[in-house]
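A.B. asks: This is the structure alone, sequence omitted:
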């Protein structure tokens, strides 16, 4: 059996941008020519549908896109609204406090005794922190994330008889 996990990880480690996903879609089409493949497009999302999922008794799915990595880890938020809002407010307050501290520290170190400078510096640090925390980078290390599920689905496609009334969907986003 083909080692899809390592092949996908080596050839298509990043499937985040449109061009990356297009190359991966072409790879899937090349790998499973015996199946009818439909690309469902909706804005930036392109799901890869392999087989007739409307008639299938079983549908195997996985996400083929790769998640980004950011400066802060991806935290699963609780469903409890009170905890969610408490966490969000606490996170924002930490950024406010850190920004205030840094602005004051820089003002003291530069020996600038001007409240307007310190406020401007605070705002700059505050908004820069939010931007940097939201900024995401391409992540090539996805073997244990979406790549493993994608590889499992690709292996299933090759190991299950085409006429066994199954379909496969590789989800984007």
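C.D. replies: Perfect, I can see it now. All figures in this text were calculated on a predicted structure; none of them were measured in a lab.

A.B. asks: What mean pLDDT does stretch 59-74 get?
C.D. replies: Averaging pLDDT along stretch 59-74 yields 83.

A.B. asks: residues in contact with that stretch?
C.D. replies: 13-16, 20-21, 24, 28, 48, 53, 132-139, 141-142, 145-147, 149-150, 152-153, 156, 166-173 (Cβ atoms under 8 Å, 6 or more residues apart in numbering). To be clear about C-beta, it is placed using only N, CA and C from the backbone, and glycine gets the same treatment.

A.B. asks: Residue 140 and residue 15 touch, don't they?
C.D. replies: No: in this structure, residue 140 is not within contact of residue 15 by Cβ atoms under 8 Å, at 10.6 Å.

A.B. asks: out of these two, which sits in the busier spot?
C.D. replies: Using other Cβ atoms under 10 Å, the more surrounded residue of residue 140 and residue 15 is residue 15, with 25 against 11.

A.B. asks: contacting residues for the more buried one?
C.D. replies: Residue 15 touches 21, 24, 64, 65, 66, 146, counting by Cβ under 8 Å, 6+ apart.

A.B. asks: with those residues in mind, which one is nearest to residue 108?
C.D. replies: Nearest to residue 108 among the contacts of residue 15 is residue 66, at 43.6 Å by Cβ to Cβ.

A.B. asks: What's the local residue count around the closest one?
C.D. replies: Using other Cβ under 10 Å, residue 66 has 25 neighbouring residues.

A.B. asks: What residue, apart from its backbone neighbours, is nearest residue 40 spatially?
C.D. replies: In this structure, residue 40 finds its nearest non-sequential neighbour in residue 47, 4.3 Å apart by Cβ to Cβ, 6 or more residues apart in numbering.

A.B. asks: Now do the contacts for residue 95.
C.D. replies: So residue 95 contacts 126, 129, 130, 133 (Cβ under 8 Å, 6+ apart).

A.B. asks: is it fair to say it lies in a strand?
C.D. replies: No: assignment of residue 95 by DSSP: H, G, I helix; E, B strand; the rest coil gives helix, placing it outside any strand.

A.B. asks: Distance to residue 83 and neighbour count for the contacts of residue 95 - can I get that in CSV?
C.D. replies: Below are the contacts of residue 95 laid out as CSV (distance: Cβ to Cβ, whole Å; neighbours: other Cβ atoms under 10 Å):
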residue, distance to residue 83, neighbour count
126, 25, 18
129, 23, 17
130, 22, 13
133, 20, 13
